[in-house]
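**Student:** Got a predicted structure plus its sequence, pasted below:
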Amino acid sequence: MLGPVAADEPSSVPVPPGVPLAIFQPSLDHLDGLLDERGAAVARRFATLADEWTVYTRPQLGQDVADFVLVHPHHGVLVVDVAGGEQRPVERVRRERATVVDQFFALPGDARDPGATVRAVVVDPDRSTADTRSMLDADRDPAVSVWGSDALDDRLGEAVAAPPTVVVPAESVRRLHRQLVVHGITPPPFAIAQLSAEARTIATNPGGARVRGVAGAAGTGKSFALTARAARLAAAGEQVLVLCFNLTLAHRLRRLVVERCAEYGANPALVTCTSFHTLCARIVDDAAAAGIVASEPARGTWPEKIVAKTEEVLRSGFECSYDAVLVDEGQDFRVQWWSLLRELVLRDGGEMLLTADPTVDLYGKSSWSTPSTLASAGFTEPWIEMTGSYRMAPELVDATSRFAREFVTADALLPVVPADQEAVVGEVAPGAGTWCDIGRVADLGVEIGRAVVRLLEETPGLAPRDVVYLCEYHHDGLAAAEVIEAAGHPVHHVYSRDPDERQRRKSRFWPEADAVKGCTVHAFKGWESPAVVLGVGMEQRSRRLAYAGMTRVTSTRRGVGGHLVVVSADPRLVEFGRAFQRGTPVAVDS
């Protein structure tokens, strides 16, 4: 794996005039500092590929940075590392390929592995293919191709060509291009959200605080503030770790970080966005490769065991450290996890930030509820409170706040409609609210599907990609998907009756896919959509989940508005539903 080059190492990539030229990201003229001479030699050979190839140099892949990722609309994807002095290059590139597949390329319903559509390659420009294979003992891993200088010089076209049976999904290629992050490249044009005054203060940290807590209700801009802080720290050259509990939220945080890095001129590769347990699993794996093997705990679930192993290897001397650790949706975090990060991952003099909304504490952790807990975790100053909701229309802010007070907790942390809402986010469309009561909880999934179909049929300008439906249970999500697909609309969802498939679908969930999205409330926390269809069951926890789902609606996307449809099987909510229906418009001009 190649690191940044030293000042006296050449990294220019001259290409003979007149040869075909692949598209490079960053361009060939901007690779200084990214590659050493051996990497530059490989880049020169890739530059001779046809211009249908796009070559990403040193892209961020979760917690890794590959040397190259090559993308072609018909030949698929190659994840390439240049063999160097690092340990286990074959294992490393295989792991990078798995990240590309699950987080950047595959869609939830795809097969477990795309096969030759996404390939892993280790290349050594100084040795022959035979010598490189022998040196790496690569015959043990047929899933990884090994190239030497002969493959680069004489057989490059043959080496990069996919088998004739490969079919490359166009939507997967679009997703990969949209999400790959390299230094110095502005992402596809997004309307980067402005920050409120509260969010700007958090992003700039004018007091230089080392440990800060932020409390705010849904839509107050906590994630925007946190990712802006991450980008500002990256602009100063610091390495930043952005964490959350849910794997799906890490995808959104990464996108927000990339947008802010483009705004501030920062290198997004300095920011790692991942879930806490994914981080732990990587630390334990890397420590084992370095010879520090954690003991197996005698009891506990996998999440409990992997945290215990992580603490053991870090205390045994394995190093994984960052200049700043920023945690989003911190109400999902345990104090133990925060303390592990503070003591063993944060570098001396580093900064920590945690944002939380206790009203959507869906896992019941209640981590930050007592003064003694806060003090032991390093929070010596009062938490910053964010109060203004910039996501939802005033009507929906009022309605969801009434629901929280009546059915979640009387002391719910609730937002207000800020005076500068329009100045910060632009025109806010009126909120469109619909409440549907049903007689049997067993019909919930089917009725959610029907509500999605009606919403699309009756709302001009609303496309399938604008709609997300949220369910408590996977069997309801599957039933809804069947109804929506039968009506001719594609569905991109996380639901499955198989726990392993559920995890795979969650890691591949992409809320920007060109389809109706289906997700659990837990996994969609932190995201937003202009149209949300929400199912409410009859359990005690259903009401807290319902509030979390209601607050996922955004009314700020141009030409779409904010649509909230609640399908409730709880007869105790009927009166509230009638008031909800009366209190908000039932239609909105698109």
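**Tutor:** Arrived safely, thanks for sending.
**Student:** Is there a neighbour count for the residue lying closest to residue 482 once chain neighbours are set aside? I'd like the number.
**Tutor:** Closest residue to residue 482 apart from its sequence neighbours, by C-beta to C-beta, 6 or more residues apart in numbering: residue 449 at 6.8 Å. The C-beta positions use only the backbone N, C-alpha and C, and glycine is treated the same way. Residues lying near residue 449 (other C-beta atoms under 10 Å) number 30.
**Student:** go on, the one 5 residues further on?
**Tutor:** Here the count is done by other C-beta under 10 Å, and residue 454 has 15 residues near it.
**Student:** That one: which element?
**Tutor:** Assigned by DSSP states H and E, residue 454 belongs to helix 444-458.
**Student:** domains in the chain, as residue ranges please.
**Tutor:** What automatic domain parsing lists as the domains of the chain is 23-179, 197-386, 394-583.
**Student:** Format those as JSON lines; extra columns: mean pLDDT.
**Tutor:** What follows is the domains of the chain, written out as JSON lines (pLDDT from 0 to 100):
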{"stretch": "domain 23-179", "mean pLDDT": "88"}
{"stretch": "domain 197-386", "mean pLDDT": "93"}
{"stretch": "domain 394-583", "mean pLDDT": "90"}
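**Student:** Could you tell me the end-to-end distance of stretch 287-298?
**Tutor:** In stretch 287-298, first residue to last residue: 20 Å (C-alpha to C-alpha, to the nearest Å).
**Student:** Show residues contacting that stretch.
**Tutor:** Stretch 287-298 is touched from outside by 87-88, 91, 284, 304-305, 308-310, 312-313, 316-318, with contacts defined as C-beta atoms under 8 Å, 6 or more residues apart in numbering.
**Student:** repeat for stretch 491-502
**Tutor:** So stretch 491-502 is contacted by 107-109, 248, 471, 474-475, 477-478, 481, 484-485, 505-506, 509-510, 513, 515-520, 523 (C-beta under 8 Å, 6+ apart).
**Student:** Among those residues, which ones are in helices?
**Tutor:** Using DSSP state H, the subset of the contacts of stretch 491-502 located in helices is 248, 474, 475, 477, 478, 481, 484, 485, 505, 506, 523.
**Student:** Looking at these, which is nearest residue 34?
**Tutor:** The shortest gap between residue 34 and any of those belongs to residue 248, at 30.2 Å (C-beta to C-beta).
**Student:** so residue 79 bridges to which residues?
**Tutor:** residue 69, residue 120 (DSSP bridges).
**Student:** pretty sure it is touching residue 89, no?
**Tutor:** No: between residue 79 and residue 89 there is no contact under C-beta atoms under 8 Å: 11.9 Å.
**Student:** Which residue of these two possesses the greater neighbour count?
**Tutor:** Neighbour count, other C-beta under 10 Å: between residue 79 and residue 89, residue 79 has more, with 28 against 24.
**Student:** how far off helix 474-486 does the helix holding residue 454 point, in degrees?
**Tutor:** Between helix 444-458 and helix 474-486, the angle comes out at 30 degrees (axes from the mean of the first three to the mean of the last three C-alpha atoms, to 10 degrees).
**Student:** change the start of the numbering to 24 and stick with it
**Tutor:** Fine by me, first position is 24 from now on; the one you just mentioned is helix 467-481.
**Student:** Count residues in the vicinity of residue 554, would you?
**Tutor:** Residue 554 sits with 28 neighbouring residues when counted by other C-beta under 10 Å.
**Student:** That one: what's it in contact with?
**Tutor:** Each residue near residue 554 by C-beta under 8 Å, 6+ apart is listed here: 478, 482, 485, 489, 490, 491, 576, 583, 585, 586, 587, 588.
**Student:** Restricted to strands, list these.
**Tutor:** Mapping the contacts of residue 554 onto strands (DSSP state E) picks out 490, 491, 585, 586, 587, 588.
**Student:** what pairs with the first one across the strands?
**Tutor:** The partner list for residue 490 in beta bridges (DSSP bridges) reads residue 554.
**Student:** ditto for the third one
**Tutor:** Beta bridges link residue 585 to residue 454 when assigned by DSSP bridges.
**Student:** which ones are touching residue 220?
**Tutor:** residue 443 are the contacts of residue 220 under C-beta under 8 Å, 6+ apart.
**Student:** Helix or strand for the most centrally placed residue in the chain, just tell me which one.
**Tutor:** With distances taken as C-alpha atoms, centre = their mean, residue 274 lies nearest the centre of the chain, 0.8 Å away. Element membership of residue 274, judged by DSSP H and E, is helix 270-287.
**Student:** Buried residues, that helix. List them.
**Tutor:** For helix 270-287, the neighbour count (16 or more other C-beta atoms under 10 Å) marks 270-285 as buried.
**Student:** swap in stretch 85-104?
**Tutor:** Of all the residues in stretch 85-104, those buried under the rule 16+ other C-beta under 10 Å are 85-95, 98-104.
**Student:** pull the CA atoms of it into PDB?
**Tutor:** Output in PDB follows, covering the C-alpha atoms of stretch 85-104 (Å, rounded to 0.1, in the frame of the first residue of the first chain):
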ATOM      1  CA  GLY A  85     -14.200   3.200   4.300                       C
ATOM      2  CA  GLN A  86     -11.300   2.800   6.700                       C
ATOM      3  CA  ASP A  87      -8.800   2.000   3.800                       C
ATOM      4  CA  VAL A  88      -7.300   4.000   1.000                       C
ATOM      5  CA  ALA A  89      -6.600   1.900  -2.200                       C
ATOM      6  CA  ASP A  90      -3.900   2.800  -4.600                       C
ATOM      7  CA  PHE A  91      -6.300   2.700  -7.700                       C
ATOM      8  CA  VAL A  92      -9.800   1.900  -8.500                       C
ATOM      9  CA  LEU A  93     -10.500   1.500 -12.300                       C
ATOM     10  CA  VAL A  94     -14.000   1.700 -13.600                       C
ATOM     11  CA  HIS A  95     -15.400   0.900 -17.100                       C
ATOM     12  CA  PRO A  96     -19.100   0.800 -18.100                       C
ATOM     13  CA  HIS A  97     -18.600  -2.700 -19.800                       C
ATOM     14  CA  HIS A  98     -15.500  -4.200 -18.100                       C
ATOM     15  CA  GLY A  99     -16.500  -3.400 -14.500                       C
ATOM     16  CA  VAL A 100     -14.300  -2.400 -11.600                       C
ATOM     17  CA  LEU A 101     -10.800  -3.200 -10.600                       C
ATOM     18  CA  VAL A 102      -9.500  -2.500  -7.100                       C
ATOM     19  CA  VAL A 103      -5.700  -2.200  -7.500                       C
ATOM     20  CA  ASP A 104      -2.900  -2.000  -4.900                       C
END
